[in-house]
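Colleague: requesting a structural model of the entry that follows:
(2 chains)
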Amino acid sequence: GNSVTQMEGPVTLSEEAFLTINCTYTATGYPSLFWYVQYPGEGLQLLLKATKADDKGSNKGFEATYRKETTSFHLEKGSVQVSDSAVYFCALKTQDGGSNYKLTFGKGTLLTVNP
Amino acid sequence: DGGITQSPKYLFRKEGQNVTLSCEQNLNHDAMYWYRQDPGQGLRLIYYSQIVNDFQKGDIAEGYSVSREKKESFPLTVTSAQKNPTAFYLCASSMGVFVQETQYFGPGTRLLVL
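Modeller: Now for the predicted structure:
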């Protein structure tokens, strides 16, 4: 079946540090890949996505590249801010047997950025 | 503003009681979803609906029920058969169900058992 594996947190960084959160996946077919962010007590917000191999998703200084050869979609940011403190979820979407598509999530990585 | 609203923000359930969580969207999306989030876990799919008057079970549907009588509404009932209902419940919607389409999430409802 489909699965997403994220690096375990928590991750604690100082402001302006470089961020990498690893994400690898197992899926049949050609999935779309997503990063969502969840701030405390809130729902999930889409951060970025990529729908085919070698696509790069980017938003708010975050980037991730869809690497089919390594089945990875690592999240990076060159200089984190305190406001980036949140839980980050990697997810994939693929066909579920018939004609329906479902999101499969990783367990999430808690990022804390200190001033 | 277009978006997804969930109510209430917090909900308390007594033993043996059914409770209903509300989810409304004004994005004109055809597909809607319910997920459950437990601490330190990813989200797990409870039910989803591709179109009005149609819905399918997700990975953890036991103890839950849904209806989809209107395009904009997808309420979730947590029945007394759900033995461990304490969790954060998230509703989502998308234009359709194609693999490249994005799911947008509501703010969530936290359910607690008294």
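Colleague: only C-alpha atoms from now on, for both contacts and neighbour counts.
Modeller: Noted.
Colleague: longest strand in chain A, by residue count?
Modeller: As assigned by DSSP state E, the longest strand anywhere in chain A is strand A:86-95.
Colleague: which other residues reach the next helix or strand after it?
Modeller: Counting by DSSP states H and E, the next helix or strand C-terminal to strand A:86-95 is strand A:101-105. For strand A:101-105, the surrounding residues in contact (Cα atoms under 8 Å, 6 or more residues apart in numbering or on different chains) are A:2-4, A:89-96, B:42-44, B:97-99.
Colleague: then stretch B:47-61?
Modeller: Contacts of stretch B:47-61 (Cα under 8 Å, 6+ apart): B:30-35, B:44-46, B:66-71, B:96-97.
Colleague: before we move on, the earlier item: can I have the buried ones of the contacts of strand A:101-105 as a ChimeraX selection?
Modeller: Buried residues among these (16 or more other Cα atoms under 10 Å in any protein chain shown), as a ChimeraX selection:
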select /A:2,4,89,90,91,92,93,94,95 /B:42,43,44,97,98,99
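Colleague: filter the contacts of stretch B:47-61 down to the ones near chain A?
Modeller: B:44, B:97 (Cα under 8 Å from any Cα of the partner chain).
Colleague: report the buried members of the contacts of stretch B:47-61.
Modeller: For the contacts of stretch B:47-61, buried by 16+ other Cα under 10 Å: B:30-35, B:44-46, B:66-68, B:71, B:96-97.
Colleague: nearest to chain A, of those residues?
Modeller: B:Val97 (5.6 Å; Cα to the nearest Cα).
Colleague: am I right that that closest one is in contact with B:Ala31?
Modeller: Yes: contact criterion Cα atoms under 8 Å: B:Val97 and B:Ala31 qualify, at 6.6 Å.
Colleague: give me the neighbour count for residue 74.
Modeller: Using chain A here. 19 (other Cα atoms under 10 Å in any protein chain shown).
Colleague: sorry, should have said chain B
Modeller: B:Phe74 has 28 nearby residues by other Cα under 10 Å.
Colleague: and the nearest residue in space to B:Ser73 that is not next to it in sequence, bridged to which residues?
Modeller: Nearest residue to B:Ser73 in three dimensions, chain neighbours excluded: B:Glu24, at 4.6 Å (Cα to Cα, 6 or more residues apart in numbering or on different chains). Beta-bridge partners of B:Glu24, counted by DSSP bridges, are B:Thr5, B:Ser73.
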